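Trainee: quick one, structure for this:
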Amino acid sequence: MIEISPRFFRHSPSLLARTAFFVILSLLLMALDSRFRYLGGVREIFSVIVYPLQKLAHVPVSMYDAASELFQHSEIAEENAHLKQQHLVDKGQLLRLRALEAENNQLRKLLNATQRIKNKAMVAEILHVPHDPFNRKVLLDKGSMSGIEAGQAVVDDIGVVGQVTRNYPLASEVTLLTDRDHSVPVQVVRNGLRSIISGTGREGVLELRYMAINTDIQEGDALVTSGIDGVYPPGLPVAVVSQIDRNPNYIFARITCTPASGVNQNQQLLILSTPAPRAGTPAEATKMKSRQEARRQ
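Mentor: Okay, the predicted model is just below:
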């Protein structure tokens, strides 16, 4: 049985004719749209219809971009964590280097101080600083096994810090200038006036006691050791006069001083050897008196 196609399909235009028709139609539509703007609404309708298809076609690209961005974020986060860790390590090393630099500078200053002081000196490191506000003492890492004895003076690169008051085999206790039970014979550099400076128990505060209100002393006067006690070598900086209260209702002036040095700025200190007693010094007089008593017995 032979199937007969409709007449319309058997006599359809040729491919060339159809192509020419659609080209002419397209040119005509383009000319009309350019001239009269007739197809603006049509384009909007087609854009709305085609938009879901465009979004659907763009899904693979979006998924690829999202995956790439996720991997990049992961790599950046990992690199950021590594850089933070390395920064902490570098910061710790920098702090250690700064601490070593500060320690080297302090040791260099102490070395220069030993060259200025005629007494032999030994470098000691501060082991412990009590937090008791009424206890102005520190513990050093040198003791009797290192030749340290009670009574030796302790200084830094600036001036007097205190005195060894108790020693142990591997450590020694130093009473600071600011301790209320500690006193040092001093001399005013400007006029040579001698006196005794005492601690107050407060950090950074010393006092010159029993000085008359008409005493020739001024704010800013530098005080150094007089050397008459046989413990501290003469000429070591001790303090600076910071305030003078001359109240006529009292016999003595109230003179407040600021220590020239202190343990807050130091990690290492110098322990000076005890100087040999000279004739006429209290130490020599004590020895002579002991010898005379021994002879009498």
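Trainee: quick one, helices of the stretch 1-150 of the chain?
Mentor: For the stretch 1-150 of the chain, helices defined by DSSP state H, counting those that start in this stretch occupy the ranges 7-10, 15-36, 40-116.
Trainee: which stretches of the chain have low pLDDT?
Mentor: 1-12, 33, 35-43, 92-119, 133, 263-265, 275-297 (pLDDT under 70).
Trainee: excluding chain neighbours, what is closest to Leu208?
Mentor: Ile255 (4.0 Å; C-beta to C-beta, 6 or more residues apart in numbering). Every residue, glycine included, has its C-beta placed from N, CA and C.
Trainee: shouldn't that neighbour be in contact with Leu206?
Mentor: No. Between Ile255 and Leu206 there is no contact under C-beta atoms under 8 Å: 9.1 Å.
Trainee: when the two are compared, which one has more neighbours?
Mentor: Per other C-beta atoms under 10 Å, whichever of Ile255 and Leu206 has more neighbours is Leu206, with 28 against 24.
Trainee: show me what contacts the more buried one?
Mentor: 177-178, 197-200, 238-239, 256-259 (C-beta atoms under 8 Å, 6 or more residues apart in numbering).
Trainee: by neighbours, which of those residues wins?
Mentor: Neighbour tally across the contacts of Leu206 (other C-beta under 10 Å): the maximum, 29 neighbours, falls on Leu177.
Trainee: what's near enough to touch Asn135?
Mentor: Asp179.
Trainee: from here on, count from 349
Mentor: Okay, using 349 as the starting number, the last item reads as Asn483.
Trainee: may I have the phi/psi pair for it?
Mentor: Per-residue torsions, Asn483: phi -120, psi 100 (degrees, to the nearest 10).
Trainee: for Ser374, what are its contacts?
Mentor: Ser374 neighbours (C-beta under 8 Å, 6+ apart): none.
Trainee: and it, how far from Glu392?
Mentor: Distance, Ser374 to Glu392, using C-beta to C-beta, to the nearest Å: 19 Å.
Trainee: count the residues that sit near Ile576.
Mentor: Neighbours around Ile576, by other C-beta under 10 Å: 15.
Trainee: meant to ask about Arg557, not that
Mentor: 15.
Trainee: is it in contact with Thr548, as I believe?
Mentor: No. Between Arg557 and Thr548 there is no contact under C-beta under 8 Å: 10.0 Å.
Trainee: Val572 in helix, strand or coil?
Mentor: Of the three states, Val572 takes strand under DSSP: H, G, I helix; E, B strand; the rest coil.
Trainee: so what sits opposite it in the bridge?
Mentor: Gln535, Pro585 (DSSP bridges).
Trainee: contact partners for it?
Mentor: 507, 534-535, 537, 582-586.
Trainee: then Gly575?
Mentor: Gly575 touches 533, 581-583, counting by C-beta under 8 Å, 6+ apart.
Trainee: nearest to Ala472 among those?
Mentor: Within the contacts of Gly575, the smallest distance to Ala472 is 17.5 Å, found for Pro581 (C-beta to C-beta).
Trainee: thanks again, I'm all set now.
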